[in-house]
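Q: After the sequence you'll find the predicted model.
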Amino acid sequence: MRILKRPKVYLLARPALVAEGLAQFLSDHNLCWPTPTEGVSDAARLIETAGRCCYMSFGKKAGSKTNFDYIQNLMGRRADGTFRSGPAHGSVVEHPVWSFIVTGAGRGFSHEQVRHRAGWAYSQLSTRYCDFERDEEADGTWDPGFTIPPLAQLSEEAQTAMAESLKRARDDYVKLLRLIENDLKNNRDLMERLEELPQRERERTLRKAARGAARDLLPTATEAIMVMSANARAIWNSIVMRGDAHAEAEIREIYVQIARIMEKELPALFYGIHYEKLWDGTEAVLMPREKL
């Protein structure tokens, strides 16, 4: 088993504009694209397209002369980076979607993250299917991980105590798992019902059933590898809440990483972000505006 001390976020997917579709739309409606496209990301062009379709502001009707200026106007952002009062035209930034893989975070993170429902999609490691009872790591295969949050890393004593507790929890899980497996195999009614299945499927069914019962002993610190996808608006709003100094440290660290990724992915929207060093050595995100 691995002891994990810091989560990591990987960018998995970004928006891709179908240029032929946009070109056909413009041609069918005798419209001219009004802003330069060189160096403009597909995500930024998608936002501009959505906004211009709302007002059909193509050709000579276009006000803003660059994609960057157009997005600033939609968001109500002034030249100095501040925002005008009132709501932004936030619906247009719901179209581009990014996907991330998050590792090294516990199920406490995943339980909190799935509370963000609007604009997010999730796939998460299964404790019923995955092999937490394995003793050795085989080449090219997954090795179970358990996390130590930042505030349990302030002293060597605390780290050691938590690591030892995690190992005991995993050992207790394996012990209970083996007991349940034996009970299932010794249950005549169950085994008779499973006889009609091929041997491999029979073994898999027993294994999943036993893990499903034993996994209640796995601690909240069990690594919850997740694939998370969200649109730009949902990402922004989640950073506001979860990157804040008052957010839980492990969750905040994930959103610091996501904020840095989005600064590079969509700089026309994610700029003016500041980072604050906190007392425990972790960082917080200071967004230039509250929710979009």
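A: That came in fine, so what should we check first? Residues are numbered from 1 along each chain as shown.

Q: remind me which residues of the stretch 101-250 of the chain are low pLDDT?
A: 135-140 (pLDDT under 70).

Q: So which residues of it form strands?
A: 120-124, 145-147, 226-231 (DSSP state E, counting those that start in this stretch).

Q: and Glu250, which of the ones you listed is closest to it?
A: Across those, Glu250 has its closest neighbour in strand 145-147 (7.2 Å, C-beta to C-beta). Every residue, glycine included, has its C-beta placed from N, CA and C.

Q: ok, residues contacting the closest one?
A: Residues outside strand 145-147 that contact it (C-beta atoms under 8 Å, 6 or more residues apart in numbering): 1-5, 7, 103-106, 166, 169-170, 219, 221-223, 250.

Q: Show the buried residues in the residues you listed.
A: Buried subset of the contacts of strand 145-147 (neighbour count, 16 or more other C-beta atoms under 10 Å): 1, 4, 7, 103-106, 166, 169-170, 219, 221-223, 250.

Q: Looking at those residues, which are in helices?
A: Applying DSSP state H to those, the entries found in helices are 166, 169-170, 250.

Q: ok, of the residues you listed, which one's closest to Glu265?
A: Closest to Glu265, out of all of these and judged by C-beta to C-beta, is Glu250, at 22.9 Å.

Q: Distance-wise, check that closest one relative to Ala284.
A: According to C-beta to C-beta, to the nearest Å, Glu250 and Ala284 sit 13 Å apart.

Q: ditto for Arg202
A: For Arg202, the distance to Ala284 (C-beta to C-beta) stands at 52 Å.

Q: Those two: which has the busier surroundings?
A: Neighbour count, other C-beta atoms under 10 Å: between Arg202 and Ala284, Ala284 has more, with 19 against 15.

Q: For that one, list the residues it contacts.
A: Contacts of Ala284 (C-beta under 8 Å, 6+ apart): 243-245, 247, 252, 256, 275-276, 278.

Q: Now the nearest residue to it once chain neighbours are set aside. Its backbone dihedrals?
A: In this structure, Ala284 finds its nearest non-sequential neighbour in Ala245, 3.9 Å apart by C-beta to C-beta, 6 or more residues apart in numbering. Backbone dihedrals for Ala245, given as degrees, to the nearest 10, come out at phi -60, psi -30.
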